[in-house]
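Q: next come a sequence and a model predicted from it.
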Amino acid sequence: MKPELILTRTYYPNGTNGQITLTGKRLCFSIELPWKDNQTQISCIPEGTYELKKRYSPKHGHHLQVMNVPGRDLILLHPANDALKELKGCIAPVSILTSEGKGSQSRKALAKINAIVFPVLDEKKQFFITIKSN
């Protein structure tokens with residue numbers, strides 16, 4: 001069985017809310033931009049299964065990159081609490097959902113995911129995220 005996170009989405013006009021699980025147990029929630037036909041910087045990405053890779057940037061610190069998204073690049077899992085203001089197609093883990101595309105305690109939620117995914121990637125093994133809807 002390949003190690004994978006499952007992101008189950010619910011779509012709303014002002015944002016996409018989700019729940020991220022591992023082996024059926026909820027790790028955290030997620031926020032994303034609303035679905036707008038995968039348009040760059042204004043839409044969440046298409047549903048599907050994607051490989052995760054470690055990435056570092058001065059802006060986001062240690063985070064994950066979602067690989068091989070059709071028609072898109074640099075899709076990240078990084079901290080944000082307001083999809084419309086802080087995301088350009090990326091996925092932000094959050095501890096609490098507060099409304100459509102909004103949440104809180106994002107850094108805490110990302111740290112939880114990184115603590116699970118990074119050790120697997122450090123062993124040169126693959127880790128995936130499967131995105132689907134309710």
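A: Done, it's in.
Q: please state the mean pLDDT value computed over stretch 101-119.
A: The average pLDDT within stretch 101-119 is 97.
Q: which residues does it contact?
A: For stretch 101-119, contacts defined as CB atoms under 8 Å, 6 or more residues apart in numbering pick out 3, 5, 12, 14-17, 20, 22, 27-34, 52, 54, 62-64, 77-84, 92-98, 127. All C-beta spots, glycine's among them, are computed from the backbone N, C-alpha and C.
Q: what comes up buried for the helix or strand harbouring residue 17?
A: According to DSSP states H and E, residue 17 maps onto strand 15-22. Counting neighbours by 16 or more other CB atoms under 10 Å, one finds that the buried residues in strand 15-22 are 15-20.
Q: tell me what it is packed against?
A: In this structure, strand 15-22 packs against strand 4-12, strand 25-32, helix 83-86, with contacts taken as 3 or more CB pairs under 8 Å, 6 or more residues apart in numbering; DSSP states H and E.
Q: ok, now with 7 Å
A: If you count contacts as 3 or more CB pairs under 7 Å, 6 or more residues apart in numbering; DSSP states H and E, strand 15-22 packs onto strand 4-12, strand 25-32.
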